[in-house]
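*Asks:* how would this look folded up:
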Amino acid sequence: MQSVGVIIPCLNEEEAIGPCVAAVLANGVGEVIVVDGQSSDHTAERAAAAGAKVIVEPARGYGRAMLSGLAHLAPTIRIVLFIDGDGSDRPDMVPALVEPIASGRADFVLGSRLRGEREAGSLSASQIIAGHLAGLLIRLLYGASFTDMSPFRAIRRDALDRLGMVETTFGWNLEMQMRVAAAGLRTLEIPVGQRRRRGGVSKVSGDWRSAVRAASVLMLSFLRLAWQLWLNRPARRT
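*Replies:* Okay, the predicted model is just below:
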């Protein structure tokens, strides 16, 4: 597990980030990077106290935080795992996501919240619908099967580097799954369930305005990425 690097994006999640970092580190991973979006509380301090390397990203954007974290990974890291810092994802499932990649059975592993046991109220209706819709569209376009857009995921670092990720918004997770599918990487989805968040407020589904904004971003991201991937598809041999 020393070759595993974990990236956790955070914004005002001081209640949950310390226990989350400690629980992730307990799995024996090589490093944990918390990317703090200039929180107004003690998120950064508590993440550092728990053992994380803290990077402050002044520019907002979920994808931007992920790209910032990736830029600071140690060169020895071979597998990258992403997990939210609000306590909703289960750190005890980290080995289950990493093992298929470490053993060479998969390039990308998605933790499905929809297939696992969920605490009541842990996912909004809009999140559930978005996961199923994204899975349907990706399957229709590329033949890959996903049931969720969970942030809890792992991928081979060299494969991730070749994907060419550029999304700086909430569309990051969708972009990764579309690029993974379009590239024909070996994928695996495992049930991880979901807990109610232990701290902070959701930036995607905290209220109806956030949900509508996130849905708009995801739809625009899907259309733009589908067009770009179609334009860049390998030419057919004649």
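*Asks:* Identify the residue nearest the geometric centre of the chain.
*Replies:* The centre of the chain sits closest to residue 151, judged by C-alpha atoms, centre = their mean, with a distance of 2.9 Å.
*Asks:* Cross-check the contact I'm expecting between that one and residue 83.
*Replies:* Yes. Counting by C-beta atoms under 8 Å, residue 151 does reach residue 83; the two are 6.9 Å apart. Every residue, glycine included, has its C-beta placed from N, CA and C.
*Asks:* Mutual contacts of those two, please.
*Replies:* residue 89 (C-beta atoms under 8 Å, 6 or more residues apart in numbering).
*Asks:* coming back round to it: contacting residues around the nearest residue to the residue nearest to the centre of the chain once chain neighbours are set aside?
*Replies:* Once flanking residues are discounted, residue 151 sits nearest to residue 84: 5.0 Å by C-beta to C-beta, 6 or more residues apart in numbering. Each residue near residue 84 by C-beta under 8 Å, 6+ apart is listed here: 8-9, 151-152.
*Asks:* And residue 138, by the same measure?
*Replies:* 144, 146, 177-178, 181.
*Asks:* Could you work out the most separated pair of these?
*Replies:* Farthest-apart pair in these is 146 and 178; separation 9.9 Å (C-beta to C-beta).
*Asks:* Let's test this: mean pLDDT of stretch 133-148, rounded?
*Replies:* Mean pLDDT, computed over stretch 133-148, is 82.
*Asks:* how about the CA coordinates for that stretch, as CSV?
*Replies:* The C-alpha trace of stretch 133-148 is given here as CSV (Å, rounded to 0.1, in the frame of the first residue of the first chain):
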residue,chain,number,x,y,z
LEU,A,133,-28.2,8.7,-16.1
ALA,A,134,-24.4,9.1,-16.5
GLY,A,135,-24.0,5.3,-16.4
LEU,A,136,-26.7,4.9,-19.1
LEU,A,137,-25.1,7.5,-21.4
ILE,A,138,-21.6,6.1,-21.0
ARG,A,139,-22.8,2.6,-21.7
LEU,A,140,-24.6,3.8,-24.9
LEU,A,141,-21.6,5.7,-26.1
TYR,A,142,-18.7,3.4,-25.1
GLY,A,143,-20.1,0.1,-23.8
ALA,A,144,-18.6,0.5,-20.3
SER,A,145,-20.9,-0.2,-17.4
PHE,A,146,-21.1,2.2,-14.4
THR,A,147,-23.9,2.7,-11.9
ASP,A,148,-22.6,5.8,-10.2
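*Asks:* what number of residues lie near residue 197?
*Replies:* For residue 197, the neighbour count with other C-beta atoms under 10 Å is 21.
*Asks:* SS state for it?
*Replies:* coil (DSSP: H, G, I helix; E, B strand; the rest coil).
*Asks:* Phi first, then psi, for residue 231.
*Replies:* With angles defined as degrees, to the nearest 10, residue 231 sits at phi -70, psi -30.
*Asks:* Low-confidence ranges, this protein, go.
*Replies:* 199-215, 217, 234-238 (pLDDT under 70).
*Asks:* count of residues packed around residue 165?
*Replies:* Neighbours of residue 165 (other C-beta under 10 Å): 16.
*Asks:* Residue 216 too?
*Replies:* Count around residue 216 with other C-beta under 10 Å applied: 11.
*Asks:* The one 3 residues further on too?
*Replies:* Residue 219 sits with 16 neighbouring residues when counted by other C-beta under 10 Å.
*Asks:* Inside strands: which ones of the contacts of residue 84?
*Replies:* Among the contacts of residue 84, DSSP state E puts 8-9 in strands.
*Asks:* Thanks again, I'm all set now.
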